[in-house]
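**Student:** Quick one, structure for this:
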Amino acid sequence: MLYLGEEPVPHAATSVAAAREAGMRFAYVTNNASRSPAAVAQKLRVLDIPAEPHEVVTSGQAAARALAERLPPGAAVLVVGTDALADEVRSVGLRTVRTVDEAGPSGPAAVVQGLAPGTSWSDLAEAAVALHRGALWVVGNTDATLPTTRGPLPGNGAFVAALRLVTGLQPLVSGKPDPSLHRASVERVGAQQPLVVGDRLDTDVLGAVRGGADSLLVLTGVVRLRELVQAPAGSRPTYVASDLRGLLHAQPRVEVDGESARCGQAEARLETGVLRGEVTTDDGVRALTELAWACADRGVPAALP
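**Tutor:** Numbering: from 1, shown residues only. Prediction:
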């Protein structure tokens, strides 16, 4: 996450600018299908984060591609989402509708769903009717929450859950952690050694693992230390940093030896089932988390104080 509300997260703008200066190439990947790539890039530039529309990869784009791969040209797609999502669907040669009747006697061939603040009961009702009639269901993401300055609010996944409950169906998810979105971002910048940077285990880190890439988890979002040390195998980041300045710092190898671990000058240890260590530095956090994961993999009880 690069911004929260109308403000960049701490150190985001300066860190991205410095990383670009050092030769890193960026693709800005978002699970939020509510904005167009141009609008996302403009939002970032207003916050002094350098970005161009071609560097933005959205779950709306991924959803449109998924639909185009499965439907004939001109097929009707019921859109539960913003006009930006509808634009992406039309850009791949499909017809968008907002009601079942608008699609004609045969109804919509598919339903595409992305985050939209104005989503209503009527929107979900139209989608439910289409899905009950056999329409393909593609969603941008299943993130249950949307981080805001007021705290976590309902994300697209909350609305997806409502339709799951009503229909008993499971959608095709086009956004993170689906590997197709990762591949699109890698292709966009021609990355040879991609690094996925994000603040969520269930989308960013899991998506990196599924895409065979390293990941850097920054602790400026929803993940806290207690959740991090409990991360299951397959959803563990390669690196951890308190914020995006971690892009600019060396990430020493973590050495785990039995009930202790060392990363750089930081050390963590397990004492009678309790994890001990200094967590005021990135190296300290990495030592502690790697030790916790090693203990979990061996079936050794280990918990934070």
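**Student:** For the rest of this, base every contact and every neighbour count on C-alpha atoms.
**Tutor:** Will do.
**Student:** Mind listing what's buried along the biggest helix by length in the chain?
**Tutor:** Under DSSP state H, the helix in the chain containing the largest number of residues is helix 282-298. Within helix 282-298, the residues scored as buried using 16 or more other CA atoms under 10 Å are 282-296.
**Student:** on contacts alone, who are the packing partners of it?
**Tutor:** helix 225-229, strand 239-241, strand 254-257, strand 260-263, strand 266-271, strand 274-277 (3 or more CA pairs under 8 Å, 6 or more residues apart in numbering; DSSP states H and E).
**Student:** Quick check on the residue lying closest to Ser185 once chain neighbours are set aside: phi, psi?
**Tutor:** Distances taken as CA to CA, 6 or more residues apart in numbering place Ala27 nearest to Ser185, at 5.8 Å, with adjacent residues excluded. Main-chain torsions, Ala27, degrees, to the nearest 10: phi -120, psi 130.
**Student:** swap in the one 5 residues further on?
**Tutor:** According to degrees, to the nearest 10, the main-chain angles of Asn32 amount to phi -80, psi 110.
**Student:** neighbours around it, how many?
**Tutor:** When neighbours are defined as other CA atoms under 10 Å, Asn32 has 22 of them.
**Student:** Also Gly234?
**Tutor:** Neighbour count of Gly234, defined by other CA under 10 Å: 14.
**Student:** Please work out the average pLDDT along the helix or strand containing Val112.
**Tutor:** Using DSSP states H and E, Val112 maps to strand 110-113. The average pLDDT for strand 110-113 rounds to 98.
**Student:** Contacts for that strand next, please.
**Tutor:** Contacts made with strand 110-113 from outside it, assessed by CA atoms under 8 Å, 6 or more residues apart in numbering, are listed as 63, 67, 76-81, 127, 130-131, 135-140, 156, 160.
**Student:** and what of stretch 187-198?
**Tutor:** With contact meaning CA under 8 Å, 6+ apart, stretch 187-198 is reached by 1, 25-27, 54-55, 186, 204-205, 208, 213-218.
**Student:** Narrow those to those in helices?
**Tutor:** Per DSSP H, the subset of these in helices is 186, 208.
**Student:** which of the contacts of stretch 187-198 lies closest to Gly273?
**Tutor:** Leu217 (25.6 Å; CA to CA).
**Student:** Show the model's pLDDT score for the closest one.
**Tutor:** Reported pLDDT for Leu217: 96.
**Student:** do His182 as well
**Tutor:** According to the model, His182 scores 80 on pLDDT.
**Student:** And Ser185, by the same measure?
**Tutor:** 85.
**Student:** How about the one 5 residues further on?
**Tutor:** According to the model's per-residue confidence, Gly190 sits at a pLDDT of 85.
**Student:** related to what we said a few turns ago, neighbouring strands - and their directions - for the strand holding Val112?
**Tutor:** strand 76-80 (parallel), strand 136-139 (parallel) (DSSP bridges).
**Student:** Just say which of those is most tucked in.
**Tutor:** strand 76-80 (a mean of 27; mean count of other CA atoms under 10 Å).
**Student:** Contacts for that strand next, please.
**Tutor:** Strand 76-80 is contacted by residues 85-86, 89, 94-100, 103, 107-114, 116, 119, 123-124, 127, 130 when judged by CA under 8 Å, 6+ apart.
**Student:** one more time with 7 Å, if that's ok
**Tutor:** Residues outside strand 76-80 that contact it (CA atoms under 7 Å, 6 or more residues apart in numbering): 86, 94-99, 103, 108-114, 123.
**Student:** Who are the contact partners of Pro305?
**Tutor:** 274-275.
**Student:** Please report the distance of Ala266 from Ala296.
**Tutor:** Distance of Ala266 to Ala296, given as CA to CA, to the nearest Å: 21 Å.
**Student:** want to try JSON lines for the helices and strands packed on helix 282-298, with mean neighbour count and mean pLDDT as columns?
**Tutor:** Formatted as JSON lines, the helices and strands packed on helix 282-298 follow (neighbours: other CA atoms under 10 Å; pLDDT from 0 to 100):
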{"stretch": "helix 225-229", "mean neighbour count": "17", "mean pLDDT": "95"}
{"stretch": "strand 239-241", "mean neighbour count": "23", "mean pLDDT": "96"}
{"stretch": "strand 254-257", "mean neighbour count": "17", "mean pLDDT": "97"}
{"stretch": "strand 260-263", "mean neighbour count": "22", "mean pLDDT": "97"}
{"stretch": "strand 266-271", "mean neighbour count": "21", "mean pLDDT": "97"}
{"stretch": "strand 274-277", "mean neighbour count": "18", "mean pLDDT": "96"}
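**Student:** Right, I'll leave it there.
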